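*Asks:* no letters, just coordinates:
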C-alpha cells in the first residue's frame, strides 16, 4: 500500500498551498507559461516547495498543473512535455524531506470535451495518459487532479491515470456558488462517478473560498466513506488600488475553518489560489492535533448522469428503466437509425422522462449499421435532452466501449452473462469505466430452468466481477422472465430466483417484465400482475415502458405495499388529485395521443435544432391544428426549453442558434397563415437598434431572433441609428419596449439620452439595454432594464410586457 | 461544422497590416499628455503614460482581415443561417486577433535589432482611458488607405474586424496592463480579455 493511503488511516494530512499565485509574486508574468519556469528558473520552484515543506506540508504538489501536451502547446512547448514534467518532479523531490509525499498536479486541458466542446474523449485520455506516465516514471507517489469542472474530462483523466499507472488518485473538482460545477455536476453525482472509477481520495479546490467549500465537503462527507481532500482559495480575488489581483482572506481567517473541515470529514487539507506558507503553517499546527473523522457511509448501488444521481436500494422506490429506445420490433425506429436520424430517439427520451423513467435503456441493435457511430449519436442525443442515467444495451464489446466513452456520468451496462466470452469481454470494461453492470442469469447451457440454477449463474457472475475489483454494489442481476403462455411453470422460478439472489448475494435486481405476456391477449393485465409479484419478491428496477399508465400505477401501488414509498408520498402526489381529469382523459386518450405526437415531435425538433425536417411536420400538423396552436403548444415550449438548457449551461450559443433556425423555418410557413387568419396575437412590439455611432450588431441580431421566436413582433431599425429615429418610430408604432445595444463606452451614453427623452415625453415605453460594456448598474442608473444574454432578454421582455 | 467553417473562412480572409516605430517619447505626467515621435502623435492618457514608462520606443500598428468575412456573416444572418453566422463571426474575431499577434512577432524582431527586447502589452484605443478618437490619427500615420481601414464618425473602425494598437518597446520590461473597470470577483467570464 502506498504511504499516502497508510497514513490516511490515522492522520489528517497537510497538503501544500498555492503555486500559481506564489509564482506571480516571484515575478511570473500574466500570460507566461508557469511550467516553463521548471526549466528556466528552477531555483524559484525549489524555494516555494521548500517553504511549504518547512511550513509543515506532508504532501507537496509538483508544478505540472498545466504541463499536459495540449496545454503546453498553447505556448509552443508541447514537445517539451517530458522534460518539463520530469524536471518538476526532480525539483519537488529536491525540496522534500524523506517522508514528504510527492503529488503530481494535473489540471484540465482547457478544452471542452464532447458533447459540450469538440475534444474527443479518446484524445483527452491520451493527453492525460502521456503526462501521468511521465510523472509516475519520474517517481511521484500520487496523482492530484485539480480544478476540474467538466465531469467528462474528469472521467478521461481518472481512467487514463488508472489504466496507465499504479498510482493512487486525489481528484479535486471545482464548484461554483450554486454548489455545482460549471457544467452542472453536484457533489453527490461527483461522488457517484468518482467512487465508481475507484478514486482513492475525492476532493474540492479553489473557487468559492473556505466557506463555500465547507458546504461541499459537508455534502461529500455525508455521501461517501472515501477519503476527502480540500484546497480552499483565499476568498475571491479582488483588485487593489494598484490594479494588482489580490486574495482578500488572511491566513488566520482561512485557518478558522480547519476544524470544521475535519469535522465534515476532510482527510487532507491544503490551499489553493492566494494561500501562503504562513497559512500552511497554521494548518499543520492545528490539524496535527486532530484525528480524522470516520465516515461510515453504506455502500449503495448508484447510477448517474452529468447532473443527477439515482440510488437503487431495497428501501427506496422501485426504479424504472425505460425500455422504449430499442429498435427490436419497431420498424420506424429501425429505419431512422439506419439513416442516422435521431428524431424518434429524442421523442422517446423526453416522453419516457416525463412519464417518470429513472434510467433510460439505449439499444441501437439494427443489423448492418455501424453501431459504434449510432450508439454514440443516440447517447449524446438522449443526454442532451434529459438528465437521466443511461443503461447501455449491447453485448458487442466494441460498441460497448464506444458507448462507455461517450456517456457522461456512471452508466449501467446491459449486459454480461455467465458465458466465459461475455465475462471476459464485458467485466473488464465495466471496471475500467467505473460502470455498474447487469448480469443475466444464463450461460453456455442456456437459461437454467430452476431458481437454484439461475442463482448459481448469478453467483458465478458476482464472484468473477468481485475478483476483477468491481464492487458488489456495482453489480445487478436479472433473473430473466420467461413467457407465461409457453413456459407457465417457469414463471414462479423467476420470482423465486429474485428472492434467492437477494438473500444470498445481496445485489440489486433488474427484470424485463413485458416478455411475460407474449402471445396472450390484453397483455397489460398480465404484465401488471407479474410486476407486482416481482416487486414483492425484491425486484429493484424493472425494465418497462413507463408511458403505459397501468404499469406505472401498479409500480406505485406496489411500492406502498412493500414499504418503499414512505407515507405513500409518491403515490399521493401522483394520484391524490385530478381524479376527474383522469377519467376524462381515458375516454379521449387515443385521439389525444396522436395529437400530442405531432406537436411533441415539433417541440422536439426545435430542441434538437432539426431545421431540415421541421417544415414537413409543421405542414402535417396544420391538418389538425391552427397556426397559433402550433406556435403556442409546440414551438414556444420548444424554444423555451432551449432557453432553459442554455441557462443551465447544457446548451451553448450554437445550439441556441440551431433551435432558432428551426423556429425560423417554421415561422416561414406559419406567418402567411397567421396573417390570413387575422390572428395577429403577439407578445408585444419591440423596437430594436444599435445606437448612433455604434456599428456592431451581431449581439443585437441574436437577441432579435430569440425575441421573434418567442412571439414578439420586432421592428429592427439596424445599426448606427439616431436617437430621434428610435424614439419617433417607437412612438409612431406604439411599441411596448425599445431594445438598445451598444458595444463601446463612447456610444453607451446614447442609451441614457434616449431613456431621458422618453421620460420627458411621458411615454411609458420601457427600455432594455445590453452590449459588451453595459452593466446592470449602468442600466439601473439610467432607469433601463438589463440582460446579459439573449435568453435573459426574452425573460426580461416578457416580464416587462406582462407588468404593463 | 466548426472545422469546415474555419476552413471556409480562409477563402474570405484578406489580412493586411502596417506598423510604425516612433521614438522620442515624451510623457508629461502632470497633464497626462503623451507625445510620440517629434509630435507625430499627441494625446492624453494616463494609462499610456504608465504603459510607456521606462520604454524607449513605441510601435503603432493597424491590422484588418478585410470585409469579405463580415459581409458573409451578414448575408448568412439574413438567410436565417444563424448558427453559421455566429460561428463565422467568432472565427473572424479570432482571425483578427491572430493577425495582430503575427504583426506583434514582426515588431518584436525589429525591436530586438534595436536591443529593445521587451514589449509591453498591445494596448488598443478603447482600453482604459485611451480614447477612440486617436484611431483616425493612427491610421493616417500608417497610410491606412492601402490597408482599406477607415473609421466612422464615431471613430469606430471599418471593417469591424480590424485592430489598432500601441506597444511600448524597452530595454526593461513594463508589465503594465489595461484593466476593466469592473469587479473581478463578480465577473462572469471564464477568461479575461485583459490577460
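*Replies:* Right, received. Where do you want to start? Remember, predicted model here, so these are calculated numbers, not experimental data.
*Asks:* contact residues of chain A facing chain B?
*Replies:* Contacts of chain A with chain B, taken as C-beta under 8 Å from any C-beta of the partner chain, map to A:29-31, A:118, A:182, A:236-239, A:243, A:245, A:609, A:653-654, A:657-658, A:660-661, A:664-665, A:668, A:692-696, A:698, A:701-702, A:705, A:720, A:744-747, A:775, A:788. All C-beta atoms are positioned from the backbone trio N, CA, C, and that covers glycine.
*Asks:* which of those residues fall in helices?
*Replies:* Mapping these onto helices (DSSP state H) picks out A:653-654, A:657-658, A:660-661, A:664-665, A:668, A:698, A:701-702, A:705.
*Asks:* which of those sits closest to residue A:564?
*Replies:* Proximity to residue A:564 was ranked across those by C-beta to C-beta; first place goes to residue A:658, at 41.5 Å.
*Asks:* what about stretch A:400-411, how long is it end to end?
*Replies:* This stretch, stretch A:400-411, spans 11 Å end to end (C-alpha to C-alpha, to the nearest Å).
*Asks:* got the confidence number for whatever residue of chain B ends up closest to chain A?
*Replies:* The minimum distance from chain B to chain A, using C-beta to the nearest C-beta, falls at residue B:154 (3.0 Å). pLDDT for residue B:154: 83.
*Asks:* same thing with the one 3 residues further on?
*Replies:* For residue B:157, the pLDDT comes out at 90.
*Asks:* measure it to residue B:67 for me?
*Replies:* 11 Å (C-beta to C-beta, to the nearest Å).
*Asks:* same drill for these two, tell me which one is more crowded.
*Replies:* It is residue B:157, of residue B:157 and residue B:67, that has more neighbours when counted by other C-beta atoms under 10 Å in any protein chain shown, with 25 against 18.
*Asks:* circling back: ChimeraX command for the buried members of the residues of chain A next to chain B?
*Replies:* To isolate the buried ones among the residues of chain A next to chain B in ChimeraX, judged by 16 or more other C-beta atoms under 10 Å in any protein chain shown, type:
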select /A:182,236,237,239,245,609,653,654,657,658,660,661,664,665,692,693,694,695,696,698,701,702,705,720,744,746,747,775
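*Asks:* buried residues in the longest helix along chain B, which are they?
*Replies:* Criterion DSSP H: the longest helix present in chain B is helix B:82-113. If you call a residue buried by 16+ other C-beta under 10 Å, then helix B:82-113 has these buried ones: B:82-92, B:95-97, B:99-100, B:103-104, B:107-108, B:111.
*Asks:* about what we covered before: now tabulate the ones in helices among the residues of chain A next to chain B in TSV and tack on pLDDT.
*Replies:* Listed next are those as TSV, based on pLDDT from 0 to 100:
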residue	pLDDT
A:653	78
A:654	75
A:657	84
A:658	85
A:660	87
A:661	87
A:664	85
A:665	88
A:668	85
A:698	80
A:701	84
A:702	84
A:705	85
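*Asks:* among the buried residues of helix B:82-113, which are in reach of chain A?
*Replies:* Among these, chain A is touched by B:82-83, B:85-87, B:89 when using C-beta under 8 Å from any C-beta.
*Asks:* adding pLDDT, write the residues you listed out as a markdown table.
*Replies:* Below are these laid out as a markdown table (pLDDT from 0 to 100):
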| residue | pLDDT |
| --- | --- |
| B:82 | 87 |
| B:83 | 87 |
| B:85 | 91 |
| B:86 | 90 |
| B:87 | 90 |
| B:89 | 92 |
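*Asks:* will you turn the residues you listed into a markdown table that also has distance to residue A:422?
*Replies:* Formatted as a markdown table, these follow (distance: C-beta to C-beta, whole Å):
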| residue | distance to residue A:422 |
| --- | --- |
| B:82 | 48 |
| B:83 | 43 |
| B:85 | 50 |
| B:86 | 47 |
| B:87 | 44 |
| B:89 | 51 |
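*Asks:* any idea how far stretch B:116-133 is from the middle of the chain?
*Replies:* How far stretch B:116-133 lies from its chain's middle: 8 Å, per C-alpha atoms, centre = their mean, to the nearest Å.
*Asks:* give me the mean pLDDT for it.
*Replies:* 88.
*Asks:* tell me if that stretch is near chain A.
*Replies:* Yes - using C-beta under 8 Å from any C-beta, stretch B:116-133 reaches chain A at B:126, B:131-132.
*Asks:* now that stretch: buried residues?
*Replies:* B:116, B:118-128, B:130, B:132.
*Asks:* identify the residue spatially nearest to the residue in chain A that chain B sits nearest to, adjacent ones excluded.
*Replies:* Evaluated by C-beta to the nearest C-beta, chain A has residue A:693 as its residue closest to chain B, separated by 3.0 Å. Excluding its sequence neighbours, the residue lying closest to residue A:693 (C-beta to C-beta, 6 or more residues apart in numbering or on different chains) is residue B:154, at 3.0 Å.
*Asks:* how many other residues sit next to the residue nearest to residue A:512 when sequence neighbours are not counted?
*Replies:* Closest residue to residue A:512 apart from its sequence neighbours, by C-beta to C-beta, 6+ apart: residue A:543 at 4.3 Å. Using other C-beta under 10 Å, residue A:543 is surrounded by 23 other residues.
*Asks:* could you do the one 4 residues further on as well?
*Replies:* Using other C-beta under 10 Å, the number of residues around residue A:547 comes to 17.
*Asks:* give me the three-state assignment for it.
*Replies:* coil (DSSP: H, G, I helix; E, B strand; the rest coil).
*Asks:* give the contact list for it.
*Replies:* A:324, A:351-352, A:355 (C-beta atoms under 8 Å, 6 or more residues apart in numbering or on different chains).
*Asks:* tell me where chain B has strands.
*Replies:* Shown for chain B, the strands assigned by DSSP state E span residues B:16-22, B:26-28, B:33-36, B:41-44, B:57-64, B:118-119, B:150-151, B:157-158, B:162-170.
*Asks:* without its sequence neighbours, what residue ends up closest to residue B:96?
*Replies:* Nearest non-adjacent residue to residue B:96, counting by C-beta to C-beta, 6+ apart: residue B:161, 4.2 Å away.
*Asks:* surely the one you found meets residue B:70?
*Replies:* Yes - between residue B:161 and residue B:70 there is a contact at 5.9 Å, judged by C-beta atoms under 8 Å.
*Asks:* low-confidence regions, chain B specifically.
*Replies:* Regions of chain B meeting the criterion pLDDT under 70 cover residues B:178-195.
*Asks:* hang on, residue A:184 in a strand?
*Replies:* No - counting by three-state DSSP, residue A:184 falls outside a strand, being coil.
*Asks:* picking that back up, return the member of the ones next to chain A among the buried residues of helix B:82-113 nearest to residue A:85.
*Replies:* Closest to residue A:85 out of these is residue B:87 (35.2 Å), distances taken as C-beta to C-beta.
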